[in-house]
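>>> no sequence for this one, just the structure:
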Ligand code: BGP
């Protein structure tokens, strides 16, 4: 039996702010990502009351400023992707390369030309570009002056930007996503919404208001893109974390249900089904959120312009235990929770769970009935160059193999799965730690946490393995 459809979009994924570097080149403006310090404490810092988006020139701890220099080396990188046989490459456009502060009337032609060249390079190798319009970045100016997405004016500014890039590339790029991990709003308001404590990131009312503005902006872009070319496919993008209630205690199951609605369900309901779900009122009550401010046609826009597909990132599952207050906690899981005794954890404390992916794909597909695209998945690990000058990343191969096996089972379950673009197909700067040492790639980049290194590229063992996976369309794992 064939496991994967013939047009399955095997590939890899990156994001502008984590790989491009060149943070002020060719007219680019500063983005919020450029003002995010590096190091393990970076999330803690942006959650501190006194964080104010200032960039202290005396420190070089802004890893996004150099990234992996993909801005200059994209041709070499895409050639390597092509060598692996990629059918698709998911990358993001930096808003600030097109509108440096977000407020300009005319776009920056140098920014558009850059992405034109990236797209052309992909097409030369028959690689389908998959573009995230906003991946955890926005003009810093809009965060500072407008307080990020809590300001309704962001809708029009974003739509202006999206319209420029979609019109420019509509005849070359079919697959788009409006916001990376839109449901990251509660967990990472700085990255996701451009909001920090001094501008309201601890205020749930403002957070949900900001999220509503993104919903409206996304629906407007879906509408616009379909008017430009009805062949275009515009997706949403969500973090998905399969949830389990500890043991079979009903209280844990119901707590798990509520958490699942909040993390996995809420944004999908709005963007894929076109309506705020029935549990919205209960959830808002829990957070003390009053009815949101809405313009007259907001709900109609959301209803009539749902997304064409659901893109998801999948890294971990989560366990809820509300019965045992002493239950061991898992250290690094972005979605928190108790320790699952049946699962391994990554070096960064993420509870990895391949079978959970099959469960998640089934749940998403049966609930929202939209094609699914796994646009992020992977293992962040410390890679070591051994004496033979190679990187034997069998742990990464094992991780990916297990997840691909579960994808095949989900397809056999009837799930419409469009493609798979593992995260950080080339090593890049980690979003949560701002460091290089948490590596995901099939391709190693010689750069350390302090920015030192040649930036040379080197194939890991997983490179040849993934090449074979693609060449056999997932038959040989
Ligand atoms: C997702 C983000 C990515 C990426 C990935 C891995 O949440 O969309 O930008 O970074 O997580 O996370 P990290 O880099 O923290 O390991």
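Noted; the coordinates are in hand. Not measured: the values here are computed from a predicted model. Numbers count the residues shown, from 1 in each chain.
>>> ok, the nearest residue to residue 413 once chain neighbours are set aside to the ligand distance?
Closest residue to residue 413 apart from its sequence neighbours, by C-beta to C-beta, 6 or more residues apart in numbering: residue 362 at 5.5 Å. C-beta here means a position set from N, CA and C on the backbone, and glycine is covered the same way. Separation of residue 362 from the ligand (C-beta to the nearest ligand atom, to the nearest Å): 22 Å.
>>> and what of residue 223?
25 Å.
>>> On the three-state scheme, the residue nearest to residue 413 is what?
Secondary structure, DSSP: H, G, I helix; E, B strand; the rest coil: residue 362 is helix.
>>> what's around residue 174, how many residues?
Residue 174: 16 surrounding residues under other C-beta atoms under 10 Å.
>>> do the one 5 residues further on as well
Counted with other C-beta under 10 Å, the burial measure for residue 179 works out to 29 neighbours.
>>> where's residue 316, which helix or strand?
Element membership for residue 316 (DSSP states H and E) is strand 309-320.
>>> That strand - what's its average pLDDT?
Mean per-residue pLDDT for strand 309-320: 97.
>>> Does it reach the ligand?
Yes. Interface with the ligand: strand 309-320 contributes residue 313 (C-beta under 6 Å from any ligand atom).
>>> who touches residue 182 in this structure?
192, 211, 214, 218, 236-238, 267, 271 (C-beta atoms under 8 Å, 6 or more residues apart in numbering).
>>> Could you do residue 476 as well?
Neighbouring residues of residue 476 by C-beta under 8 Å, 6+ apart: 468-469.
>>> hang on, it in a strand?
No. Counting by three-state DSSP, residue 476 is located in no strand; its state is coil.
>>> Residue 80 versus that one, what's the distance?
Going from residue 476 to residue 80 by C-beta to C-beta, to the nearest Å gives 21 Å.
>>> chain center to the strand holding residue 316, what's the gap?
11 Å (C-alpha atoms, centre = their mean, to the nearest Å).
>>> tell me which strands and helices it is in contact with?
The helices and strands touching strand 309-320, judged by 3 or more C-beta pairs under 8 Å, 6 or more residues apart in numbering; DSSP states H and E, are strand 233-245, helix 250-260, helix 354-368, strand 372-376.
>>> Quick check: what element follows the second one along the chain?
Sequence-wise, the next helix or strand downstream of helix 250-260 (DSSP H and E) is helix 266-268.
>>> Neighbouring strands - and their directions - for the strand holding residue 316?
strand 233-245 (parallel), strand 372-376 (parallel) (DSSP bridges).
>>> Show me what residue of the stretch 1-150 of the chain gets nearest to the ligand.
Using C-beta to the nearest ligand atom, residue 15 is the residue of the stretch 1-150 of the chain that sits closest to the ligand, at 5.0 Å.
>>> what about that residue, neighbour count?
27.
>>> Go ahead and confirm it touches residue 180.
Yes. Using C-beta atoms under 8 Å, residue 15 is in contact with residue 180, at 6.8 Å.
>>> Name the residues contacting each of these two.
Shared contacts of residue 15 and residue 180 (C-beta under 8 Å, 6+ apart): 92, 132, 135-136.
>>> Which one of those is nearest to residue 344?
Nearest to residue 344 among those is residue 136, at 27.0 Å by C-beta to C-beta.
>>> Assumed the closest one was part of a strand.
No. Counting by three-state DSSP, residue 136 is located in no strand; its state is coil.
>>> Just give me the neighbour total for it.
Applying other C-beta under 10 Å, we find 24 residues neighbouring residue 136.
>>> residues in the stretch 351-477 of the chain within reach of the ligand, list them.
Contact residues, the stretch 351-477 of the chain versus the ligand (C-beta under 6 Å from any ligand atom): 376, 380, 423, 430-432, 438.
>>> Lowest-confidence one in the residues you listed?
The lowest pLDDT within those belongs to residue 432, with 90.
>>> what about that one, which SS state?
Applying three-state DSSP: residue 432 is coil.
>>> In contact with it, which residues are there?
Going by C-beta under 8 Å, 6+ apart, residue 432 touches 42-43, 334, 348, 438.
>>> how about the residues of the stretch 51-200 of the chain that lie near the ligand?
Within the stretch 51-200 of the chain, the positions near the ligand by C-beta under 6 Å from any ligand atom are 136, 180-181.
>>> what do you get if the cut-off is 5 Å, keeping everything else the same?
Residues of the stretch 51-200 of the chain found near the ligand (C-beta under 5 Å from any ligand atom) are residue 181.
>>> remind me which residues of the stretch 51-200 of the chain are low pLDDT?
57-61 (pLDDT under 70).
>>> What ranges does it have for its helices?
Taking DSSP state H, counting those that start in this stretch as the criterion, the stretch 51-200 of the chain carries its helices at 70-84, 95-98, 109-124, 140-146, 153-169, 189-193.
>>> Can you lay out these as a markdown table showing distance to residue 327 and mean neighbour count?
Below are those laid out as a markdown table (distance: least, C-beta to C-beta, whole Å; neighbours: other C-beta atoms under 10 Å):
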| stretch | distance to residue 327 | mean neighbour count |
| --- | --- | --- |
| helix 70-84 | 42 | 19 |
| helix 95-98 | 42 | 28 |
| helix 109-124 | 47 | 17 |
| helix 140-146 | 37 | 21 |
| helix 153-169 | 40 | 19 |
| helix 189-193 | 27 | 27 |
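>>> which residues does the nearest residue to residue 315 once chain neighbours are set aside contact?
In this structure, residue 315 finds its nearest non-sequential neighbour in residue 350, 5.7 Å apart by C-beta to C-beta, 6+ apart. By C-beta under 8 Å, 6+ apart, residue 350 lies in contact with 315-316, 332-334, 380.
>>> Output those residues in a markdown table, with neighbour count appended to each entry.
Formatted as a markdown table, the contacts of residue 350 follow (neighbours: other C-beta atoms under 10 Å):
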| residue | neighbour count |
| --- | --- |
| 315 | 25 |
| 316 | 25 |
| 332 | 16 |
| 333 | 24 |
| 334 | 22 |
| 380 | 21 |
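>>> My guess is residue 231 contacts residue 174. True?
Yes. Using C-beta under 8 Å, residue 231 is in contact with residue 174, at 6.5 Å.
>>> from the contacts of residue 182, which is closest to the ligand?
The ligand lies nearest to residue 237 out of the contacts of residue 182, by C-beta to the nearest ligand atom, at 8.0 Å.
>>> In this model residue 312 seems to touch the closest one, though I could be wrong.
Yes. Counting by C-beta under 8 Å, residue 237 sits close enough to residue 312 to count as a contact (7.0 Å).
>>> quick one, which of those two is more surrounded?
Counted by other C-beta under 10 Å, residue 237 and residue 312 do not tie: residue 237 has more neighbours, with 29 against 25.
>>> need the contact list for the more buried one.
Residue 237 makes contact with 132, 177-182, 310-313, 375 under the criterion C-beta under 8 Å, 6+ apart.
>>> top of the residues you listed by neighbour count?
In terms of neighbours by other C-beta under 10 Å, these top out with residue 375 at 32 neighbours.
>>> On the pLDDT front, check that residue for me.
98.
>>> That one against residue 130, yeah?
Yes. The pair residue 375 / residue 130 is scored as a contact, 7.0 Å apart, by C-beta under 8 Å.
>>> Could you tell me which residues touch both of those two?
With C-beta under 8 Å, 6+ apart as the test, residue 375 and residue 130 both reach 13, 90, 177, 419, 421.
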